[in-house]
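Participant: Got a predicted structure here, sequence first:
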Amino acid sequence: MQGEAGERWRELCQQAVVEQDSQKLLELIREINQILEAKDRRLQRQHLAGKANEASAAITRHSQKRG
């Protein structure tokens, strides 16, 4: 992870390791989870965009060969 989200994720994990209050620990884990889910969504969008670009390029190459 990069930038603020990456730093925040690390800070939250460091806090969670030593947290004694179960309610506070749960809050930390929820926030960590939100950050990781957002990262996962970004990666999935990037992956799908890459696949779409590959498909588009393949169609273009195929069309150029035929023409």
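Facilitator: Arrived safely.

Participant: where does the chain have low pLDDT?
Facilitator: Applying pLDDT under 70 to the chain flags residues 1-2, 55, 67.

Participant: mind checking how far stretch 42-53 is from the chain centre?
Facilitator: 11 Å (C-alpha atoms, centre = their mean, to the nearest Å).

Participant: do stretch 4-24 as well
Facilitator: That offset, for stretch 4-24, works out to 18 Å (C-alpha atoms, centre = their mean).

Participant: Near residue 12, how many other residues are there?
Facilitator: Using other C-beta atoms under 10 Å, residue 12 has 20 other residues around it. Where C-beta positions appear, they are placed from N, C-alpha and C, glycine not excepted.

Participant: can you tell me which residues contact it?
Facilitator: Residue 12 is in contact with 28, 31-32, 35, counting by C-beta atoms under 8 Å, 6 or more residues apart in numbering.

Participant: I'd like those as a markdown table, with distance to residue 51, secondary structure and neighbour count appended.
Facilitator: A markdown table is the format used below for those (distance: C-beta to C-beta, whole Å; DSSP: H, G, I helix; E, B strand; the rest coil; neighbours: other C-beta atoms under 10 Å):
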| residue | distance to residue 51 | secondary structure | neighbour count |
| --- | --- | --- | --- |
| 28 | 35 | helix | 19 |
| 31 | 31 | helix | 16 |
| 32 | 29 | helix | 18 |
| 35 | 25 | helix | 17 |
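
Participant: and those as TSV, adding distance to residue 47?
Facilitator: TSV is the format used below for those (distance: C-beta to C-beta, whole Å):
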residue	distance to residue 47
28	29
31	25
32	22
35	19
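
Participant: Identify, from the residues you listed, the entry nearest to residue 48.
Facilitator: Nearest to residue 48 out of those is residue 35 (C-beta to C-beta; 20.9 Å).

Participant: Against residue 63, how distant is that closest one?
Facilitator: Distance of residue 35 to residue 63, given as C-beta to C-beta, to the nearest Å: 42 Å.

Participant: where's the most centrally placed residue in the chain, which helix or strand?
Facilitator: For the chain, the residue nearest the mean C-alpha position is residue 39 (1.9 Å; C-alpha atoms, centre = their mean). Assigned by DSSP states H and E, residue 39 belongs to helix 22-66.

Participant: Nothing else from me, thank you.
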